[in-house]
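J.: coords please:
(one chain, ligands or ions: 1)
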Amino acid sequence: MIDRDHCLALDAGDPLRAFRDEFVLPEGVVYLVGNSLGALPRGAAERVRRAVEDEWGGQLVGGWNHAGWYAQPLTAGDRLAPLIGAGPGQVVVGNTTSIAIYQAVAAALRLRPERRVIVSDVRNFPTDHYMVQGLAGLLGGYEIRDVSEGRFDDAAVVLLAEVDYRTGARHDVPAVTAQVQEAGALMVWDVCHSVGAMKVDVSGADFAVGCTYKYLNAGPGAPAFLYVNPRHHATAENVLSGWHGHAEPFAFEAGYRPAEGIRRFAIGTPHVLSFAALEAALDVWERVPMDQIRAKSMALTSLFVDLVGDALELVSPADAAARGSQVSLRHPDGYPVMRALIDRGVHGDFRAPDVLRFGFAPLYIRYTDVYDAAATLLEVLDRELWRDEKYARRLAVT
Ligand SMILES: *Cc1c(COP(=O)(O)O)cnc(C)c1O
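T.: Sure thing, here's the model as predicted:
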């Protein structure tokens, strides 16, 4: 049996152990929700203070030119690009993942006007599927087909998540991308649950989207990103044709003329204060050896699976290579079980109807955290601590 001393030794030998000190983590909390909202990087408060006091307060509107605000969607995109296997000038940052999905799928449909099928995944994070439904409803005449049918030969576009938010199951990105493209469809990857948890490479895809507030740790409400393969830069259109994607936003022309390159996918004024926190998060990522991230992530999730044993049904793939950086477990009373855990300092989350999710952010989660989380979970189950009625009432955010 693995004991806590063994986990202490694993922590001592962890090549990523110093990164934990770069985050603010409350005492007595085992935070296994970094796949929903990443922890606060120590540098973020100072960077945001600078954006507020020095840039906004000191430069006022001059900040657009002199503090780099106007260029943020592209400068942040260039810094983020290596995390998804992309190069400079291929990623634009801003808005939300939902909006980026809309842009990517709409652009793909315009590149394949002769095809009328959108392949999506009903099990995907709902907003992805909802955005497709809204777009198809607006356009009319489109069929939305579930990926489980496995037919792409008449599809215009296929939208999938690299890692499933509920189960943690992971797609083979290069293999699926090749299959979709050989069928003549365009591939859009959503990497919300993989970026920052593993080496992501969407360079073969047509489009990719993701958020920065999960494993990337850029904070609540942080902007999303959109990757567009350079082979589409001259022809892909941004249906959300806002002024920041115009060739000359400050010419204030009456007609829309798209900018060259990735800038045409910008829409409107960037969320400057949120970008400041993202910059602090990227300051950390620039120093992270990404090979170590995946190795540690697999070790953490495997340790948790081993320690929990057969106390609960494993929803995630049993093979660490086939899952992301999370472990999902099933319990019919999952909600009160999670509330009882949180009450004891172990923070995971709950996804209806019966899934307990535990995310293991390899930058700041220790092997001893995994040990403590599993021990607490086993205690909550053994002693049926979750039956206390105070855990039954649902809060708005689960
Ligand atoms: C977290 C997540 C989103 C979030 O979308 P927002 O518009 O940024 O709120 C979308 N898709 C997936 C797969 C996610 O995991």
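J.: So which bits of the protein are right by the ligand?
T.: For the chain, the residues in contact with the ligand (Cβ under 6 Å from any ligand atom) are 96-98, 124-125, 127-128, 161, 165, 190, 192-193, 211, 224. For every residue, glycine as well, the C-beta is placed using N, CA and C.
J.: Go again with 5 Å.
T.: 96, 97, 98, 125, 127, 161, 165, 190, 192, 211 (Cβ under 5 Å from any ligand atom).
J.: Confirm the third one sits in a helix?
T.: Going back to what we said before, that points to residue 98. Yes. According to DSSP: H, G, I helix; E, B strand; the rest coil, residue 98 belongs to a helix.
J.: Any idea how many residues pack against it?
T.: Neighbour count for residue 98, taken as other Cβ atoms under 10 Å: 17.
J.: Same question for the first one.
T.: The burial metric for residue 96, expressed as a neighbour count using other Cβ under 10 Å, is 17.
J.: Residue 222 is in contact with that one, correct?
T.: No. Using Cβ atoms under 8 Å, residue 96 makes no contact with residue 222, being 9.7 Å away.
J.: can you give me the helices in the stretch 51-200 of the chain?
T.: Using DSSP state H, counting those that start in this stretch, the helices assigned to the stretch 51-200 of the chain run over residues 58-59, 63-66, 72-80, 97-111, 126-139, 173-182.
J.: will you turn these into CSV that also has mean pLDDT?
T.: Below are these laid out as CSV (pLDDT from 0 to 100):
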stretch, mean pLDDT
helix 58-59, 98
helix 63-66, 96
helix 72-80, 98
helix 97-111, 98
helix 126-139, 97
helix 173-182, 98
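J.: Residue 290: which of these is closest?
T.: helix 72-80 (12.9 Å; Cβ to Cβ).
J.: List of residues touching that closest one?
T.: 68, 88-94, 212, 216, 223, 225, 244, 262-263, 266, 270, 272, 275, 278-279, 282, 286 (Cβ atoms under 8 Å, 6 or more residues apart in numbering).
J.: which among the residues you listed end up buried?
T.: Applying 16 or more other Cβ atoms under 10 Å to the contacts of helix 72-80, the neighbour count classes 89-94, 212, 216, 223, 225, 244, 262-263, 266, 270, 272, 275, 278-279, 282 as buried.
J.: Return the subset of these lying in strands.
T.: Among the buried ones among the contacts of helix 72-80, the members found in strands (DSSP state E) are 91, 92, 93, 225.
J.: Which single residue in the stretch 151-300 of the chain comes nearest to the ligand?
T.: residue 192 (3.3 Å; Cβ to the nearest ligand atom).
J.: show me the contacts for that residue.
T.: 97, 125, 161, 165, 209, 210, 211, 214.
J.: Tell me which helix or strand in the chain has the weakest average pLDDT.
T.: strand 349-351 (a mean of 93; mean pLDDT, DSSP states H and E).
J.: Alpha carbons of the helix ranked longest in the chain, in CSV - could you do that?
T.: Ranked by residue count, the top helix of the chain under DSSP state H comes out as helix 290-308. The C-alpha trace of helix 290-308 is given here as CSV (Å, rounded to 0.1, in the frame of the first residue of the first chain):
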residue,chain,number,x,y,z
MET,A,290,6.0,21.0,-20.8
ASP,A,291,7.3,17.4,-21.0
GLN,A,292,7.3,17.3,-17.2
ILE,A,293,3.7,18.5,-17.1
ARG,A,294,2.2,15.5,-18.8
ALA,A,295,4.4,13.1,-16.9
LYS,A,296,3.4,14.5,-13.6
SER,A,297,-0.2,14.8,-14.5
MET,A,298,-0.4,11.1,-15.4
ALA,A,299,1.4,10.2,-12.2
LEU,A,300,-1.0,12.3,-10.1
THR,A,301,-4.2,10.9,-11.6
SER,A,302,-2.9,7.4,-11.5
LEU,A,303,-2.0,7.8,-7.8
PHE,A,304,-5.5,9.0,-7.0
VAL,A,305,-7.1,6.2,-8.9
ASP,A,306,-4.9,3.7,-7.1
LEU,A,307,-5.7,5.1,-3.7
VAL,A,308,-9.5,5.3,-4.2
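J.: Flag every buried residue along it.
T.: 293-294, 296-305, 307-308.
J.: Show me what the helix or strand following that helix is packed against.
T.: Sequence order places strand 313-314 as the next helix or strand after helix 290-308, per DSSP states H and E. Applying 3 or more Cβ pairs under 8 Å, 6 or more residues apart in numbering; DSSP states H and E, we find strand 313-314 packed against strand 326-330.
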